[in-house]
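Colleague: Have a look; sequence and predicted model below, questions after that.
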Amino acid sequence: MSSSSGKPSSTELNIPLHVKYIQTLGQNKDDLMYHMTSHLRMNAIYWGLMALCIMNRKDALDRDETIEFVLSCWDDEAGAFGAHPGHDAHILSTLSAIQVLTIHDAVDKIDVSRVVKFILSLQQPSGVFAGDSFGEIDTRFSYIAVQALSLLGHLDKLDVEKTVAYVLKCRNFDGGFGAVIGAESHSGQVFVCVALLAILDKLDEIDQDTLAWWLAERQLPNGGLNGRPQKLEDVCYSFWVLSAISILDKLTWIDADKLAGFILSAQDLENGGIADRPGDQPDVFHTIFGVAGLSLLGHPGLEDVDPVYCLPASLTEKLGLRKAWRALPRRTVS
Amino acid sequence: MSHVESNDPADQTLLYCEKPEWQDVTPIPQYDGVNPIAPIFYTPEYKDATEYFRAVVEKDEISERVLQLTLDIIQMNPAHYSAWQYRYRTIIALKRPLEAELTLMDVLAIQFLKTYQVWHHRRLVLTALYESSTSDSASSPSSNAAGAAAAAKELAFITRALETDTKNYHTWSYRQWLLAFFDDEALWEGELPYVERLLEADVRNNSAWHHRFFVVFGRVRAKGEVDLEEVLKRELSYTKDQIAFAPNNPSAWNYLRGILERNKKPYSDLQTFVEPYTVPASSSTDEGIVDLDNPRPGPGAQLPCVAALEFLADIHEKAGGEQTKQAIEIWKSLANEHDTMRKKYWEFRVKEASA
Ligand SMILES: [Zn+2]
């Protein structure tokens, strides 16, 4: 595993290094791929900030600058947020904006009713949500819509029955869920469907044990989890499986020590950050999901994560949004 | 065609700000704000093209040249959803030939297989193509000749795309959408042989197993149109053969469970088949007897097989009574020996059954 990558391996999370990694993100001008990801910039801000929150270093990114960036991405024509100033609004960047503003207690700075209108406008006759006016549909967008409305306190405006009906139609013979009706089961899609049902208090509509078993089967001998049978293990899938299974209160069905070992071995101990698997290049996406996964597994020194919202548990608790999920108890440093 | 868009890089040596035909447009630079935590660094070509794109959007320009501009941007960044959206709008507004658009996008789709937008664009174009040819012959998708021909061609293209990546999620979803949308017998017909070819190449391809279920059970049929008993018999026989060939294949076992549940058949129907897979390889002594209904594990198979043990335990649990003990024995062996990683799950099963 990690020993073959030639890099030093660790059984500890190198928090200072990862904090530094996030702080210096986007400053590497040599990165030719950088412009390709501009459509994820708002998401990246959320991933970075959330990773810092879990590591107890929320202050490591300047609050005012962050809020200023988020507000500069407002698409006034659509009434929602783009991924970057001047970009068209998209549901992905809109949720990230709401999450960042919620973390910084600054939702009052936006026109909430317009955002709510934008989100509701994306619901299709079938009940699923589109990501933007281009019309890509995905249960992922349904989850995003539901979470955004929940955080904004406007869930009462959602057609819950229609939203849930579509999700249930995406259930497959193996117990899992796909992105659209007819599509293959996939860990990421299982997570969004389970979290959506949790927010709407509809988990009793599904066979939870069969689903939790499908999730537990995603664990591979090296401890990592995959997205579908026969696919490679990956830190991000590990988090989606883990969060879904903790929402179903079956987290103990996963071998926690082995999974924690897998995530820790994917750390880049030279430059910081966590990769998809040991030896690969780290990125902010796998860094947040690696750290969040470790938090759910009770890793010492981390803040609790709410797996339903992927937000600090103290925050969802404060907002009165906490559902009946269960993570492993926080361990103290041994 | 009055205007041919070019994929040829030689044609792209000029930046938009240098092209004579774009001199009437004032490019709009990217507002980068002042925020240091989110700077964006572009290549000169991308920066140039997107500045002209912003100007085009601002003016709401619908023209031939917008097609080349959006194509250039998409080639540099296939995730640029606004460029896709604008391109689609322009094609429809200019009544551009839709078949040609699909063909033009073939290379791009294979190149950017993992980008959702390339598939969504095809779907929009194909739908528009179908709708434009159906306006005079109000009918179902399948009785629309032009639509059906385009769909058949598209299915062949998807097959080619899947050769590059046989598990690509977007490509598979697109295939499933196409089949359901056109619902044409001629399209469905080739699907089962296609799935079989894929599984012959890789019996563990979960996407192919999933598609098999979609093809066999996903299509809405009139009552009596197919003999369900015959279908089930065929599927059981096929799946058993694949399990015999590669016993430790969770996709095949999931499929087996799926078809039994779908048809409300008890797992116990398969006890004779499953048992040889639940014991160590050496203890099977009657290799000379060939039972076509119950193919035995092939030589060199790793036995016992976890999925088979689980299956047999489910049979015992369902039977209840004295057999519950046998189920518990199996779960304990899974917890302590054959599948220790999921120990807690097997212990949960023991506890549930003992309660
Ligand atoms: Zn990943």
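Modeller: Structure received. Residues are numbered from 1 along each chain as shown, chains lettered A, B, ... in the order given.
Colleague: A:F289 and A:S238 touch, don't they?
Modeller: Yes. At 7.3 Å, A:F289 and A:S238 qualify as touching, with contact defined as CB atoms under 8 Å. The way it works is simple: take the backbone N, C-alpha and C, and place the C-beta from them, glycine included.
Colleague: Looking at the two, which one has more neighbours?
Modeller: Ranked by neighbour count (other CB atoms under 10 Å in any protein chain shown), A:F289 and A:S238 place A:S238 first, with 35 against 26.
Colleague: close to chain B, is the helix or strand encompassing the more buried one?
Modeller: Secondary structure from DSSP states H and E places A:S238 in helix A:235-247. No. Between helix A:235-247 and chain B, judged by CB under 8 Å from any CB of the partner chain, nothing touches; the nearest distance is 10.5 Å.
Colleague: list the helices and strands that helix packs on?
Modeller: Where contact means 3 or more CB pairs under 8 Å, 6 or more residues apart in numbering or on different chains; DSSP states H and E, helix A:235-247 is packed against helix A:187-199, helix A:208-216, helix A:256-265, helix A:284-296.
Colleague: how about low-confidence regions in the chain?
Modeller: Chain wasn't specified; assuming chain A. Residue ranges of chain A with pLDDT under 70: A:1-10, A:26-39, A:334.
Colleague: my question was about chain B
Modeller: In chain B, residues with pLDDT under 70: B:1-12, B:31-42, B:135-143, B:282-289.
Colleague: Point me to the residue of it nearest the ion.
Modeller: B:K114 (12.3 Å; CB to the ion).
Colleague: For that residue, give me its contacts.
Modeller: B:165, B:168, B:170 (CB atoms under 8 Å, 6 or more residues apart in numbering or on different chains).
Colleague: again, only using 10 Å
Modeller: Neighbouring residues of B:K114 by CB atoms under 10 Å, 6 or more residues apart in numbering or on different chains: B:78-79, B:165, B:168-171.
Colleague: Which one (most neighbours) among those?
Modeller: Compared across the contacts of B:K114, B:T171 has the highest neighbour count, 24 neighbours, by other CB under 10 Å.
Colleague: I figured it was touching B:H120, is that so?
Modeller: No. B:T171 is beyond contact range of B:H120, at 12.0 Å (criterion: CB atoms under 10 Å).
Colleague: tally of neighbours for A:D111?
Modeller: If you count neighbours by other CB under 10 Å, A:D111 ends up with 13.
Colleague: Against A:T94, how distant is the spatially closest residue to it that is not a sequence neighbour?
Modeller: Leaving aside its chain neighbours, A:D111 sits nearest to A:G79 (7.0 Å; criterion: CB to CB, 6 or more residues apart in numbering or on different chains). Separation of A:G79 from A:T94 (CB to CB, to the nearest Å) stands at 10 Å.
Colleague: Equivalent analysis for B:L67, please.
Modeller: 29 Å.
Colleague: The two: which has the busier surroundings?
Modeller: Using other CB under 10 Å as the criterion, B:L67 and A:T94 rank with A:T94 on top: 30 against 20.
Colleague: Going by secondary structure, that one is in what exactly?
Modeller: Per DSSP H and E: A:T94 is located in helix A:91-103.
Colleague: Report the closest residue of the stretch 1-150 of chain A relative to the ion.
Modeller: Counting by CB to the ion, the stretch 1-150 of chain A gets nearest the ion through A:W47, at 12.2 Å.
Colleague: Just give me the neighbour total for that residue.
Modeller: A:W47 has 25 nearby residues by other CB under 10 Å.
Colleague: I'd say it and A:I274 touch.
Modeller: No. Taking contacts as CB under 10 Å, A:W47 lies outside contact range of A:I274: 11.2 Å.
Colleague: just to revisit the earlier point, so what sits against both of A:F289 and A:S238?
Modeller: Joint contacts of A:F289 and A:S238 (CB under 10 Å, 6+ apart) are A:263, A:276.
Colleague: wait, B:L155 sits on B:F181?
Modeller: No. In this structure, B:L155 is not within contact of B:F181 by CB under 10 Å, at 11.4 Å.
Colleague: between those two, which one's more packed in?
Modeller: B:L155 (20 against 17).
Colleague: Not counting its neighbours along the chain, what's nearest that one?
Modeller: B:L155 sits nearest to B:L187 (CB to CB, 6+ apart), 5.9 Å away.
Colleague: Assign that neighbour to helix, strand or coil.
Modeller: Secondary structure, DSSP: H, G, I helix; E, B strand; the rest coil: B:L187 is helix.
Colleague: For it, give me its contacts.
Modeller: B:141-142, B:148, B:151-152, B:154-155, B:175, B:178-181.
Colleague: Which residue ranges of the stretch 1-150 of chain A form strands?
Modeller: For the stretch 1-150 of chain A, strands defined by DSSP state E, counting those that start in this stretch occupy the ranges A:74-75, A:80-81.
Colleague: Among those, which comes closest to chain B?
Modeller: Closest approach to chain B among the strands of the stretch 1-150 of chain A is made by strand A:74-75 (10.5 Å; CB to the nearest CB).
Colleague: What pairs with the closest one, parallel or antiparallel?
Modeller: strand A:80-81 (antiparallel) (DSSP bridges).
Colleague: how far out from the middle of the chain is the strand it pairs with?
Modeller: 19 Å (CA atoms, centre = their mean, to the nearest Å).
Colleague: coming back round to it: can you list residues touching both of A:G79 and A:T94?
Modeller: A:110, A:115, A:118-119.
Colleague: Number of residues surrounding residue 191?
Modeller: Going with chain A. 27.
Colleague: my bad, the chain I had in mind was chain B
Modeller: Residues contacting B:E191 under the criterion other CB under 10 Å number 19.
Colleague: what's near enough to touch A:L220?
Modeller: A:226, A:231-233, A:238, A:258-259, A:262, B:341.
Colleague: By neighbour count, which of the residues you listed wins?
Modeller: Result: A:S238 is most packed of the contacts of A:L220 (other CB under 10 Å), 35 neighbours.
Colleague: ok, that residue touching A:L259?
Modeller: Yes. Using CB under 10 Å, A:S238 is in contact with A:L259, at 6.1 Å.
Colleague: any shared contact partners between these two?
Modeller: What both A:S238 and A:L259 touch, as defined by CB under 10 Å, 6+ apart, is the set A:219-220, A:223-225, A:293-294, A:296-297.
Colleague: which one among these gets closest to chain B?
Modeller: For those, the nearest to chain B is A:Q219 (5.9 Å; CB to the nearest CB).
Colleague: List the single closest residue to that closest one in space, sequence neighbours excluded.
Modeller: A:L225 (5.2 Å).
Colleague: wait, isn't the one you found in contact with A:W253?
Modeller: No. Contact between A:L225 and A:W253 fails when scored by CB under 10 Å: they sit 11.5 Å apart.
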